[in-house]
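> Sequence first, predicted model second:
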Amino acid sequence: MEIASLSNIKKELKNLPPEVLHDVITRLAKYKKDNKELLSYLLFEAHNEDEYIRQVKEEIDLEFMSLNRSSFYLAKKTIRKVLKTTNKHIRFSGKKETEIELLLYFCKKLKGSRLDYKRSRVVFNMYLNQVKRIQKVISMLHEDLQYDYREELEAL
């Protein structure tokens with residue numbers, strides 16, 4: 001079975017009546033948690049990006065609170081989980097400003113976690129990769145925003 005391209009799917013969705021479109025979206029949401037989360041974002045949170053960022057930051061805070069500092073292995077797993085969650089929320093939003101805000105917050109929380117992240121090459125590289133990613137995204141923004149975000153990045 002061949003999977004249709006995204007452009008073909010878009011064309012077909014435009015031709016569907018609203019009732020059928022409603023059924024298709026509902027059925028899609030049933031099959032995967034990520035689909036349901038994305039639909040929730042699009043329907044209820046996309047109109048207020050600041051509130052969405054605040055909620056994601058709270059989620060990051062909660063996950064960092066559960067960081068197991070007794071075992072570096074377990075701490076590393078938790079940090080990876082937090083980064084995975086952060087990236088998921090960044091994908092949902094699709095906005096560069098949201099990406100920078102959340103990645104900066106992740107890096108600040110990692111530095112403030114009282115965990116010697118420089119001791120572990122994996123965790124330190126994870127941190128450095130996020131800083132590089134922030135720099136790359138900042139370079140795509142308007143100059144005024146670049147200046148503001150670069151100052152925050154330098155504070156790291």
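Here it is on my side, so go on.
> What are the phi and psi values at the residue lying farthest from the centre of the chain?
In terms of distance from the mean C-alpha position of the chain, P17 ranks first, at 33.0 Å (Cα atoms, centre = their mean). The phi and psi values for P17, taken as degrees, to the nearest 10, are phi -70, psi 160.
> separation between it and A29?
From P17 over to A29 the distance is 19 Å, taken as Cβ to Cβ, to the nearest Å. C-beta here means a position set from N, CA and C on the backbone, and glycine is covered the same way.
> Tell me which residues touch E58, please.
If you count contacts by Cβ atoms under 8 Å, 6 or more residues apart in numbering, E58 has none.
> Can you say which helix or strand has it in it?
Using DSSP states H and E, E58 maps to helix 49-65.
> Please apply the same query to L13.
Applying DSSP H and E, one finds L13 within helix 6-15.
> Pull the distance from that helix to the chain's centre.
27 Å (Cα atoms, centre = their mean, to the nearest Å).
> do the same with stretch 17-29
26 Å.
> what does that stretch rub up against?
13, 16, 35-36, 39.
> one step back: so what pLDDT did the residue farthest from the centre of the chain get?
P17 carries a pLDDT value of 92.
> now swap in I138 and tell me
So, for I138, pLDDT stands at 89.
> could you list every residue that touches the closest residue to it other than its chain neighbours?
In this structure, I138 finds its nearest non-sequential neighbour in Y149, 4.9 Å apart by Cβ to Cβ, 6 or more residues apart in numbering. Applying Cβ under 8 Å, 6+ apart, we find Y149 in contact with 100, 104, 134, 138, 141.
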